[in-house]
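Engineer: predicted coordinates and the sequence they were generated for:
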Amino acid sequence: MATGRLGVEETLGALNTALGAGGPVWFKESRARHLRARDFLAPRRALQARFEDGQVPEAVVHAVLRLQGSGVAPVLRCEATPSGLALQLQRSAVFQRVLSSVAAYAAPAAPAARGPRVLLHCPSLRAAPCSLRLCQLRAVLVADHLARALHVHGVSVSLVPAVRDPDMSTLLQQLRVQWPSASAPASTEALWSRALAEFTSTDDKGALPPGVLGSVCLKELVEGRGRLAGYDPNLDNCLVTEDLLSVLAELQAAVQHWPDDTSPGQAAAPDAGVDSCMVVHVVSYEEEFQQQKLDLLWWKLDDDAPLRQKHVVCGPVKVAGVPSTLTAPEYYELRHAQVCKASALKHSRDLAQDPAWTETFRVLSVATIKFEMLSKAPQSQVCKFLVQLSMDFSSYYNRVHILTEPRPHLFGQMFARLQLLRAVREVLHTGLAMLGLPPLNYI
């Protein structure tokens, strides 16, 4: 029997190659009513554009039936239908290969060499935890989720800012957010010298707001560089403060002193310069304008600032029954209280003070918060996939008898279903790990 990990992309690539020169035609079927008869379809209109009268030559059909290659799933049949060319896989063979090596499918394959470098910046983490708004909490959770997703795909990730507030560290631990802490402040001397040379000459020190060192004009950057597409055209002057220079110094230091996180078996990145680094700012919608100013000021004061800077903007948070003024710590306490109350109703007794359930309630509270925050825009395909998989599994488990009667002729079916349950468990555990959530044995 063939071995190795089967892949949808590999199978689609082989199918399109079998049709000859031209753009991609095949697509993976996803609708339940169509999956009863086919796994892939080449639509009739696409075939009409590729072949005369839409008639696929017999030689091409035979080539599709004989598909082989690394990662290519075995084909059972391929036939013309009113919808187009329908293909069904040898499902028994596919299921056997997938279920016999679940771990290979539950996690991305490890890259041979370390991937690109991404500096992930979340300005919301500079706020005091007692004043952290829900839109900022969403930015923090999105940044943490993005860091995990990039890491498992072989991307070298550096996280900024380092958290120095012990109360913020405590909140992040409650939320199961992995973020660095307690680093020394970076020096702002070089940036301060450059800022002095860039201050506009019309500044009247007596007219500047308290704490402002000077003003730097950013207009020419907005108007003169194509890389700034998407930036607000109204950006003009930036009032420079010590805090702003400290933020830039930390970003600058993070780019210049990249952590050596090469995993065993991986080759080191050939180029550690700023050209190999992309900066991704995960900001709430309230912070976007200020962050654009910071980007421009960084380019203005640092000739070695990364050229690629992107923004992930998290929109406003509206949770039914929750006041918009609620802070992140208050939100956590609210969800924790609701989880405890729901458990008391389910088990007919208050388990909130039971040490055996304490950690379970904490995990459920964080899971509720993360699924709520990550199910809104920006969309999280992981939060959607896990929910749908759980619903499908629940329906299957209630409908199908897994442990059958102890009769020899039923053992094969029972063992196959047990393998399926094990595969679902592995996928769910891997998906939860991407969200920083441990699996629970009971709730």
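Structural biologist: That came through, no problem.

Engineer: do a quick rundown of the helices in the stretch 201-350 of the chain.
Structural biologist: Taking DSSP state H, counting those that start in this stretch as the test, the helices found in the stretch 201-350 of the chain are 219-224, 242-256, 288-301, 328-347.

Engineer: if I look at the residue most central in space within the chain, how far off is Leu19?
Structural biologist: For the chain, the residue nearest the mean C-alpha position is Leu146 (4.1 Å; CA atoms, centre = their mean). For Leu146, the distance to Leu19 equals 37 Å [CB to CB, to the nearest Å]. Any C-beta I mention is one placed from the backbone N, CA and C, and that applies to glycine too.

Engineer: does the residue nearest to the centre of the chain really touch Val282, like I thought?
Structural biologist: Yes. Distance between Leu146 and Val282: 6.6 Å, which falls inside the contact criterion (CB atoms under 8 Å).

Engineer: next, show the common contact partners of those two.
Structural biologist: 120, 312 (CB atoms under 8 Å, 6 or more residues apart in numbering).

Engineer: residues in contact with stretch 40-48?
Structural biologist: So stretch 40-48 is contacted by 11-12, 15, 19, 25-29, 34, 54, 56, 82-87, 89 (CB under 8 Å, 6+ apart).

Engineer: out of the residues you listed, which end up buried?
Structural biologist: 11-12, 15, 19, 25-26, 29, 56, 84-87, 89 (16 or more other CB atoms under 10 Å).

Engineer: tell me how far whatever helix or strand Thr17 lives in lies from the chain's centre.
Structural biologist: Secondary structure assignment for Thr17, by DSSP states H and E: helix 8-18. Distance, stretch centre to chain centre, for helix 8-18: 26 Å (CA atoms, centre = their mean, to the nearest Å).

Engineer: domain ranges for this structure?
Structural biologist: Domain segmentation of the chain under automatic domain parsing yields 8-100, 117-314, 328-434.

Engineer: format those domains as JSON lines; extra columns: mean pLDDT and distance to Asn441.
Structural biologist: Converted to JSON lines, the domains of the chain look like this (pLDDT from 0 to 100; distance: least, CB to CB, whole Å):
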{"stretch": "domain 8-100", "mean pLDDT": "90", "distance to Asn441": "23"}
{"stretch": "domain 117-314", "mean pLDDT": "84", "distance to Asn441": "18"}
{"stretch": "domain 328-434", "mean pLDDT": "80", "distance to Asn441": "9"}
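
Engineer: deepest in the core, which of the ones you listed is it.
Structural biologist: Among these, domain 117-314 has the highest mean neighbour count (mean count of other CB atoms under 10 Å), at a mean of 17.

Engineer: measure that domain end to end?
Structural biologist: 22 Å (CA to CA, to the nearest Å).

Engineer: using TSV, lay out the helices of the stretch 201-350 of the chain together with distance to Pro233.
Structural biologist: Below are those laid out as TSV (distance: least, CB to CB, whole Å):
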stretch	distance to Pro233
helix 219-224	6
helix 242-256	22
helix 288-301	11
helix 328-347	33
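
Engineer: those helices: which one's closest to Leu67?
Structural biologist: Across the helices of the stretch 201-350 of the chain, Leu67 has its closest neighbour in helix 242-256 (46.1 Å, CB to CB).

Engineer: and that closest one, what does it pack against?
Structural biologist: strand 117-121, strand 156-160, helix 189-198, strand 277-284, helix 288-301 (3 or more CB pairs under 8 Å, 6 or more residues apart in numbering; DSSP states H and E).

Engineer: if you set the cut-off to 6 Å instead, what comes out?
Structural biologist: strand 156-160, helix 189-198 (3 or more CB pairs under 6 Å, 6 or more residues apart in numbering; DSSP states H and E).

Engineer: contacts for it next, please.
Structural biologist: The list of residues contacting helix 242-256 from outside it, by CB atoms under 6 Å, 6 or more residues apart in numbering, reads 119, 158, 160-161, 186, 188, 191, 274, 277, 298, 302.

Engineer: redo that, cut-off 8 Å
Structural biologist: Counting by CB under 8 Å, 6+ apart, 119, 121, 123, 126, 158, 160-162, 185-188, 191-192, 195, 211, 213, 238, 274, 277, 279, 294, 297-298, 301-302, 304-306 sit against helix 242-256.

Engineer: equivalent analysis for stretch 17-34, please.
Structural biologist: Against stretch 17-34 from outside (CB under 8 Å, 6+ apart): 8, 12, 15-16, 35, 38-43, 46-47, 50, 56, 60, 63-64, 67, 87.
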